[in-house]
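Visitor: For reference, the sequence and a predicted model appear below.
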Amino acid sequence: NHKAFIFDLDGVIVDTAKFHFLAWRKLANDLGFDFTEEQNEQLKGVSRVESLKRILKWGNMELSEDEFQRQMAMKNENYLSYVNEMDDNEILPGVRKVLDYLTEKNIPFALGSASKNARPILKKLNLYDKFDAIVDGTDVSKAKPDPEVFLIAANKLNTPPHQCVVFEDSVAGVQAANIGNMTSVGIGDSDVLNEADHIFTDFTEIKIEFIENLLRKEN
Ligand code: G16
Ligand code: MG
């Protein structure tokens, strides 16, 4: 049976994906080019360093190591200026209902995020103490689609990977869950996330019966 749940942060629990997009886009614009929302899909779930590498490639640009670090720091500062305005009203619709259900039923759940800002964001959302484990960008060495972040989370939840369910909004994250032998639930566009075992547009579409079925289902 499925026994534990792992949630991505950006784009699943909270819509910080839009803040990442705004901040990366400003960086690109300041460097003299632009990129599309479609290209932005390739940044979701991807680490800060890897995101900047991809963006610079789109702009046909190379930066010195110092300048690379400086641009990353500026992006993060800009990103945090949005994050600092956030409170628990920003928790995406339908998410709390699922977390509350799991808490009530004593089913363990973890955060599995690529973000180095995950812990402060969870605190801002008043969710920090709800999670049985938190694994974020400060804990991992390999970025999604490598399953490292989810495998560490499964381990912390004392649950074998095949009994874990992962909620993800990114292609890289869905792939990481699949490679890690976990059940993947994609949150977002079904055309983009077609590799997921289950796909929902957002959490308002997820009924408690779906969670109960996952808990019953042999995997
Ligand atoms: C998130 C976002 C990515 C972002 C990454 C690193 O991951 O989806 O777009 O680049 O974290 O974030 P930071 O710059 O805050 O360390 P996730 O896994 O929560 O979706
Ligand atoms: Mg995400």
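Guide: That came through fine. Ligands and ions are numbered 1, 2, ... in the order given.
Visitor: Distance of I179 relative to ligand 2?
Guide: Separation of I179 from ligand 2 (Cβ to the ion, to the nearest Å) stands at 16 Å. For the C-beta atoms, the positions are set from N, CA and C on the backbone; glycine is no exception.
Visitor: er, V149 I mean
Guide: As judged by Cβ to the ion, V149 and ligand 2 stand 11 Å apart.
Visitor: residue contacts, that residue?
Guide: Residues in contact with V149 (Cβ atoms under 8 Å, 6 or more residues apart in numbering) are G112, S113, A114, V135, D136, D139, V140, A176.
Visitor: now Q163
Guide: Q163 neighbours (Cβ under 8 Å, 6+ apart): N1, H2, K3, A4, N219.
Visitor: Would you point out the most distant pair within these?
Guide: Greatest spatial distance among these (Cβ to Cβ): A4 and N219, at 11.7 Å.
Visitor: between these two, who's got more neighbours?
Guide: A4 (24 against 16; other Cβ atoms under 10 Å).
Visitor: Ligand 1 versus the residue nearest to that one when sequence neighbours are not counted, what's the distance?
Guide: Leaving out its chain neighbours, the residue that sits closest to A4 by Cβ to Cβ, 6 or more residues apart in numbering is T159, at 3.9 Å. From T159 over to ligand 1 the distance is 20 Å, taken as Cβ to the nearest ligand atom, to the nearest Å.
Visitor: ditto for V49
Guide: Going from V49 to ligand 1 by Cβ to the nearest ligand atom gives 9 Å.
Visitor: quick check, that residue in a strand?
Guide: No - assessed with DSSP: H, G, I helix; E, B strand; the rest coil, V49 is helix; it does not lie in a strand.
Visitor: any idea whether the closest residue to it other than its chain neighbours is helix, strand or coil?
Guide: Once flanking residues are discounted, V49 sits nearest to M72: 7.0 Å by Cβ to Cβ, 6+ apart. The three-state label given to M72 by three-state DSSP is helix.
Visitor: Cross-check the contact I'm expecting between M72 and K53.
Guide: No - contact criterion Cβ atoms under 8 Å: M72 and K53 do not qualify, at 10.3 Å.
Visitor: more crowded one of these two?
Guide: M72 (16 against 13).
Visitor: Please list all residues in contact with that one.
Guide: M72 touches R48, V49, L52, counting by Cβ under 8 Å, 6+ apart.
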